[in-house]
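Novice: quick one, what's the 3D model for this:
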Amino acid sequence: MPATCVIGVQWGDEGKGKIVDVLAEQSDLVVRYQGGGNAGHTVVVGDRKFVLHLVPSGILHPGRICVIGNGVVVDPAQLFEEMETLAKQGISLEGRVVVSDRAHVVFPYHKLLDSLSETARGAGQIGTTKRGIGPCYADKVARVGIRVADLMNPEVFATRLRQNVEEKNRVLRQLGHAGVSYEDLHAEYCGLRERLRPLVRDTIDLVNRALDEGKRVLFEGAQGTMLDVDFGTYPYVTSSSSDVAGVSPGAGVSPRKIGRVIGVAKAYATRVGSGPFPTELSDALGGALREKGQEFGATTGRPRRCGWFDLVSARYAVQLNGIDALAITKLDVLDDLAEVRLCTEYRWGAKRTDRFPADIQALETCEPVYDTMPGWKASTTGVRKFEDFPTNAKRYLERLSQSLGCPIQMVSVGAGRDEMIYL
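Specialist: Residues are numbered from 1 along each chain as shown. Now for the predicted structure:
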């Protein structure tokens, strides 16, 4: 199967970056197909930590071509800053980072609109990273966005930028901001254009040719299924299709070319930002999980909300994505617990369901129904074989696999590349 897609099963931050990094060793191309600089993938190699936002996680393996697909919204300044950081860390980038000519471009007015609109929501804030991702996708759907191909064409770029600045300034002034300067933006992005030009390719042709030639292509998602704009906890979601369905429009490939889907989930659950989170632990245990798991956003540094594993939402994600196998991360964070819980249903009074509801109020008011399992009270950090896990840890993993109807193929017990068990 030449094409594999890595998908987050939960609310993002599941450890997809590590799984992509591991799988990239056996891949030729790594393709990011949605999201933008709001993503944060952390990869630890030895004693070195790399935090990636736009550059695909495969960049840490020499020779791998890393593609930023047409479904990604690209902030060129942020991309170059990230590439410069990687270069200073000794990562060779020459000829290895490719940007789709059909990707949409993030501008400073997108960030201003993101921040001002979020503030205006008051108590109803979504929890956006304020990186301009939502407004850029909104422009894309409204057919007023500026693509990389437009940026490369001086005449087209000048015309479209002027139109957008006039429109955005009207909105910005209504939100109490003085607006942005067309002249300043035009000069800045003309400079960025010449830096970006060597990276720009027709990535649809590049990726499809690679697949047709039998090369191994790895598709990397950002965020997670429960933040998908169609299937997540709307409106507390991201602005793109963060499930496997996003690969075709986000990378320009037929669904028939995706051979395998790997779902990534933590051994517990986390969520950053606002929105319903049925299994959230708002007590000392939630805080303890946050500290041991170092649950702070790679992009914003915000503390993540922590809770028990939610089988209801995870089953939904497995069904939506047609997940073939699971990678479970951060099992070691549960090592000290005397017992662990799994949410099997949601309850409202006498009513119960094991299906994930679309009604946001239902999600906000439901009570999780738990099954309790004994913990293992032993370290799993040094374990490298499944048979060496404590008995109760094995039973916990087996219960996850059985309940989700999906085999577990990888278990991570630490941040490093070598802290991985293959089943």
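
Novice: let me see the ranges of the helices in the chain.
Specialist: 16-24, 76-88, 108-120, 133-141, 148-152, 154-174, 182-196, 203-212, 247-251, 284-292, 311-321, 360-365, 391-404 (DSSP state H).

Novice: packing partners of the third one?
Specialist: Taking 3 or more C-beta pairs under 8 Å, 6 or more residues apart in numbering; DSSP states H and E as the contact definition, the neighbouring helices and strands of helix 108-120 are helix 133-141, helix 154-174. C-beta coordinates here come from the backbone N, C-alpha and C atoms, glycine included.

Novice: how about residues contacting that helix?
Specialist: By C-beta atoms under 8 Å, 6 or more residues apart in numbering, the residues outside helix 108-120 that reach it are 125-126, 128, 130-136, 139, 164-165, 168-169, 171-172, 175-177, 180, 185.

Novice: one more time with 7 Å, if that's ok
Specialist: 125-126, 128, 130-132, 134-136, 165, 168, 171-172, 175, 177, 180, 185 (C-beta atoms under 7 Å, 6 or more residues apart in numbering).

Novice: likewise the fourth one?
Specialist: By C-beta under 7 Å, 6+ apart, the list of residues contacting helix 133-141 from outside reads 36, 38, 73, 104, 106, 110, 113-114, 128, 145, 239-240.

Novice: turn those residues into JSON lines, including neighbour count, pLDDT and distance to L281.
Specialist: Below are those laid out as JSON lines (neighbours: other C-beta atoms under 10 Å; pLDDT from 0 to 100; distance: C-beta to C-beta, whole Å):
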{"residue": "G36", "neighbour count": "31", "pLDDT": "94", "distance to L281": "30"}
{"residue": "N38", "neighbour count": "27", "pLDDT": "86", "distance to L281": "25"}
{"residue": "V73", "neighbour count": "28", "pLDDT": "98", "distance to L281": "33"}
{"residue": "H104", "neighbour count": "23", "pLDDT": "98", "distance to L281": "38"}
{"residue": "V106", "neighbour count": "30", "pLDDT": "98", "distance to L281": "35"}
{"residue": "H110", "neighbour count": "27", "pLDDT": "97", "distance to L281": "35"}
{"residue": "L113", "neighbour count": "23", "pLDDT": "95", "distance to L281": "34"}
{"residue": "D114", "neighbour count": "23", "pLDDT": "91", "distance to L281": "30"}
{"residue": "T128", "neighbour count": "22", "pLDDT": "81", "distance to L281": "24"}
{"residue": "G145", "neighbour count": "22", "pLDDT": "98", "distance to L281": "40"}
{"residue": "S239", "neighbour count": "23", "pLDDT": "95", "distance to L281": "28"}
{"residue": "S240", "neighbour count": "28", "pLDDT": "96", "distance to L281": "29"}
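
Novice: before we move on, back to that, which of the helices of the chain is buried the deepest?
Specialist: helix 16-24 (a mean of 25; mean count of other C-beta atoms under 10 Å).

Novice: so how far is that one from its chain's centroid?
Specialist: Distance, stretch centre to chain centre, for helix 16-24: 12 Å (C-alpha atoms, centre = their mean, to the nearest Å).

Novice: can you tell me how far L342 is from G405?
Specialist: 15 Å (C-beta to C-beta, to the nearest Å).

Novice: the two: which is more packed in?
Specialist: Higher neighbour count among L342 and G405: L342, with 22 against 10, using other C-beta atoms under 10 Å.

Novice: can you mark which positions in stretch 301-308 are buried?
Specialist: 304-308 (16 or more other C-beta atoms under 10 Å).
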